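In: need the 3D shape of this:
(one chain, ligands or ions: 1)
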Amino acid sequence: MLRRIYAVSVSPARTDKPSPAFIQTAAPDELDPAPGLINGIDSPHASIPPWFLYDQIGSRLFDVITVLPNYYPTRTEAEIVATNLRAMCGARDVTGAALIDLGAASCAKAPPLFDAVRPAQYVPVDISVEFLRDAVTKLQTEHPEIEMIGVGTDFSKELVLPAEVTATPRLFFYPGSSIGNYDPPEARGFLKRVRRQMDDDATLWIGVDLVKDTETLERAYDDDLGVTAAFNRNILRNVNRVAGTDFRPAEWRHVALYNEDRHRIEMHLEATRDLVVTWAAGQRPFAAGERIHTESSYKFTLESFEAVLHDAGLDTIDAWTDPQRWFAMFVVAPST
Ligand SMILES: C[S@@+](CC[C@H](N)C(=O)[O-])C[C@H]1O[C@@H](n2cnc3c(N)ncnc32)[C@H](O)[C@@H]1O
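Out: Alright, predicted model coming up:
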């Protein structure tokens, strides 16, 4: 059952311009109620949940990041898929599936799959509700033959698909190593939620970033043009909107570092001077150099990720990497 539906627009029976159905199960401001957000900002090790990076501006900035020369994940994953798509389809039958694109953003990674999968339904899911609505509306006009159902929701706590998603088998697609944004227990929890939505014939295609040298990793998350810095600082604008804080983004410096012990890139915002952030019911002083943790991006080995899948009740059918073994695409099925 869906928690609450805020807005549903269903495609008209026939128009010159086909439009997708769009189902929004969370209002953006309720994605994390302000009190939880404030607790994170107010704690001794301040943090903001990473999904606040993705409002209209954040999603646009992320799109630019994906084409930056040093941001290898998008490019490398696309190469793996292009080279191995036939084998991925052969590993498990996904023909005519409901293609469920988790964290779909601009929906750019789905069209290259359409010819091979021939999905009966395309179901992009994202928390960046307005950005997704625009993206799926445009994609529907380019592919009127595929039924499209956009879902604007927060899947960090629950994943429930609308009853309109009827095609079988289900093919879940979770590219971009977005799974790495969760701490290990949360990643297992997320995958278990996906597992609960999978019948025996369902498949998960999941892209995973692999452990590599520190320089390559840190350069991917701290580009010369400052796009990733803008993406990170934009989280403060979004938080101001949701929680009524008065962050001034220009007073915060973008920091990206690889934590070798925890196999993760960490993005932080560092106060450039002593300052005070206020909101309706309180305030939090930050000393110069103090940081807010905004995102982690865990890196895996093929074996460590297979173990995560196994813990979530999922079996690896096959996996492909690029020649440098920088990135991997897994084809996964429910454990029997
Ligand atoms: C790293 S981007 C990946 C985008 C795209 N799939 C790709 O591979 O390039 C993560 C996407 O997941 C979405 N997202 C993050 N947290 C989410 C959540 N809790 N619920 C729904 N979508 C979420 C973001 O809005 C963003 O579009």
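In: just want the phi and psi numbers for the closest residue to the ligand within the stretch 151-300 of the chain.
Out: Residue nearest to the ligand within the stretch 151-300 of the chain: Gly176 (2.3 Å; Cβ to the nearest ligand atom). C-beta: built from backbone N, CA, C; applies to glycine. When read as degrees, to the nearest 10, the backbone of Gly176 gives phi 80, psi 10.
In: and it, what does it touch?
Out: For Gly176, the contacting residues are 73-74, 77, 103, 109, 207, by Cβ atoms under 8 Å, 6 or more residues apart in numbering.
In: quick check: the gap between the residue lying closest to Asn84 once chain neighbours are set aside and the ligand.
Out: Nearest residue to Asn84, sequence neighbours excluded (Cβ to Cβ, 6 or more residues apart in numbering): Trp320, at 4.4 Å. From Trp320 across to the ligand, the span is 16 Å (Cβ to the nearest ligand atom, to the nearest Å).
In: so what's Trp320 up against?
Out: 80, 83-84, 87-88, 328-329.
In: from the residues you listed, pick the one nearest Asp115.
Out: Met88 (13.0 Å; Cβ to Cβ).
In: what sits up against the host helix or strand of Glu306?
Out: Secondary structure from DSSP states H and E places Glu306 in helix 302-311. For helix 302-311, the surrounding residues in contact (Cβ under 8 Å, 6+ apart) are 179, 184, 187-188, 191, 208, 210, 263, 300, 315-316, 319, 321, 328, 330, 332, 335.
In: can you turn the buried part of the residues you listed into a ChimeraX selection?
Out: Under the burial definition 16 or more other Cβ atoms under 10 Å, those of those that qualify are selected in ChimeraX by:
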select :179,184,187,188,191,208,210,263,300,316,319,321,328,330,332
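In: what about the contacts of helix 302-311, which are in helices?
Out: 184, 187-188, 191 (DSSP state H).
In: tell me the least confident of those?
Out: On pLDDT alone, Pro184 ranks lowest of the ones in helices among the contacts of helix 302-311, at 94.
In: looks like it contacts Tyr298 (just checking).
Out: Yes - using Cβ atoms under 8 Å, Pro184 makes contact with Tyr298 at a distance of 7.2 Å.
In: one step back: distance check, the residue nearest to Asn84 against Val331.
Out: Going from Trp320 to Val331 by Cβ to Cβ, to the nearest Å gives 8 Å.
In: residues contacting the most centrally placed residue in the chain?
Out: Centroid-nearest residue in the chain: Gly103, 4.0 Å away (criterion: Cα atoms, centre = their mean). For Gly103, the contacting residues are 125-127, 174, 176, 178, by Cβ under 8 Å, 6+ apart.
In: can I get the residues you listed in CSV including pLDDT and distance to Leu99?
Out: Below are those laid out as CSV (pLDDT from 0 to 100; distance: Cβ to Cβ, whole Å):
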residue, pLDDT, distance to Leu99
Val125, 97, 11
Asp126, 95, 14
Ile127, 92, 19
Tyr174, 98, 12
Gly176, 98, 15
Ser178, 98, 16
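In: ranking those by neighbours, who comes first?
Out: Asp126 (27 neighbours; other Cβ atoms under 10 Å).
In: distance check, that residue against the ligand.
Out: Applying Cβ to the nearest ligand atom to Asp126 and the ligand gives a distance of 5 Å.
In: shouldn't that residue be in contact with Arg133?
Out: No - with contact defined as Cβ under 8 Å, Asp126 does not reach Arg133; the gap is 9.3 Å.
In: what do those two both touch?
Out: Shared contacts of Asp126 and Arg133, counting by Cβ under 8 Å, 6+ apart, come down to Gly152.
In: and the closest residue to the ligand within the stretch 1-150 of the chain, backbone torsions?
Out: Closest residue of the stretch 1-150 of the chain to the ligand, Cβ to the nearest ligand atom: Gly103 (2.6 Å). When read as degrees, to the nearest 10, the backbone of Gly103 gives phi 70, psi 50.
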